[in-house]
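Student: the sequence and its predicted three-dimensional model are supplied below.
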Amino acid sequence: MVITGLRPGNGPRRWNAARRKTTFEDGTGDFRRLPGAGPVRSVGRVIEVRNLSKRYGGTVAVDELSFAVRPGRVTGFLGPNGAGKSTTMRMMLDLDRPTAGRVLIGGRRYRDLPEPLRHVGALLDAGAVHAGRSARHHLLWLARSNRIPAARVREVLELTGLESVAGRRAGGFSLGMSQRLGIAAALLGDPPVLLFDEPVNGLDPEGVLWIRRLMRGMAAEGRTVFVSSHLMGETALAADHLIVIGRGRLLADTTVPEFIEANSRSYVRIRTPQPERMRDVLTEAGIPVRQAADGALEAHGAEAAKVGELAAAGGLTVHEVGTRTASLEEAFMRLTGESVEYRAGGADR
Ligand SMILES: Nc1ncnc2c1ncn2[C@@H]1O[C@H](COP(=O)(O)OP(=O)(O)OP(=O)(O)O)[C@@H](O)[C@H]1O
């Protein structure tokens, strides 16, 4: 690890010849000087989303969203389908114009960044390549148009495991290979800020693991890594921090351990042929209870022993009493449930 701190301000520069990297003690500088390239002007690595809104006709895709994405960690951007994740990411890259608010990357709008590919790498739509071009030519074309040395193409092909297929037409690539090519393009400028929209879509378990390691490695090097997903479980494994949205609004801005602590509560699951009476007994004892989809009851905030004693005292037959811990996926569904229902209802969409 070459970066010695991420303090704000203009810290001293360090040069690591072995890794061909220039780093700045305050974490604001360019991450790696590309061979043959001139110096890259220093920009910060924090992404600030300020009161961001986007309307498409009557649809509010993003609704007064404010949060910050910081360097040195993987930040997961979570929300159910249609929550507004892609729209937010497009606005970060100036591909869509906000109805209100703005996004700043290192204090600047994307369009004001000098040589943006060297500051922000993005995987938004892996299919967005010229189908007739080979992977190598696609990357060479991108490199040339961004004044990035051709030698870097070989490096990113190697990094993404695409060397052996680099001469093949990108149009014939599987989804997994296309995702890797999209990531190779995002890494081309060796940017300190990386945005990945649903990068594990369509990948096999090996590919998912590869992306997870890649993102964690990039964050450990001091980069800002922002990755969207609608899968809580996978994101919890890959991310340190979470931004959760639903219906375009911020629902949570928290660390993964805090999210787990706050949301994956234990409860007692009860199966009984007398659910109505059991519910009354628990409610009278002040224990909140809800019915699961399979008809079982879930009692919150009570020990299994206490539930068993109450059932016995009430003369109730019980087929199962046991303690369960809600999975992260369940916690996420609960948190975003309202927005999913809203979407299913189809209101103004
Ligand atoms: N170009 C557009 N025109 C009209 N509506 C749009 C457009 N782009 C997105 N939307 C709508 O905005 C809302 C947010 O969509 P968005 O794609 O940002 O969500 P998402 O969280 O990325 O979802 P997914 O996980 O399904 O990709 C949705 O209701 C979507 O239908």
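Tutor: Perfect, I can see it now.
Student: please make it C-alpha for all contacts and neighbour counts, starting now.
Tutor: OK.
Student: how many neighbours does R45 have?
Tutor: Neighbour count for R45, taken as other C-alpha atoms under 10 Å: 29.
Student: from memory it sits against P71, does it?
Tutor: Yes - judged on C-alpha atoms under 8 Å, R45 makes contact with P71 at a distance of 6.0 Å.
Student: who touches both of the two?
Tutor: By C-alpha atoms under 8 Å, 6 or more residues apart in numbering, R45 and P71 have these common neighbours: 193, 223-224.
Student: what does the stretch 101-250 of the chain have sitting close to the ligand?
Tutor: Proximity of the stretch 101-250 of the chain to the ligand, by C-alpha under 6 Å from any ligand atom, involves residues H230.
Student: for the ligand, give me its nearest residue in the stretch 101-250 of the chain.
Tutor: Nearest residue of the stretch 101-250 of the chain to the ligand, counting by C-alpha to the nearest ligand atom: H230, 5.9 Å away.
Student: which parts of the helix or strand that contains E155 are buried?
Tutor: Here E155 sits within helix 151-159, counting by DSSP states H and E. The neighbour-count check on helix 151-159 (16 or more other C-alpha atoms under 10 Å) flags 152-154, 156-157 as buried.
Student: over to stretch 91-111?
Tutor: Using 16+ other C-alpha under 10 Å as the test for burial, stretch 91-111 gives 91-93, 97-98, 101-106, 109-110.
Student: closest one to Q179 out of the residues you listed, please.
Tutor: Taking C-alpha to C-alpha as the measure, Q179 lies nearest L93 of those, at 18.7 Å.
Student: and the pLDDT for the residue lying farthest from the centre of the chain?
Tutor: Of all residues in the chain, G315 sits farthest from the chain's C-alpha centroid, using C-alpha atoms, centre = their mean; the distance is 49.8 Å. You'll see G315 listed with a pLDDT of 95.
Student: that one in helix, strand or coil?
Tutor: Under the three-state scheme (DSSP: H, G, I helix; E, B strand; the rest coil), G315 adopts coil.
Student: mind starting the numbering at 9 from now?
Tutor: Yep, numbering from 9; the last one is G323 now.
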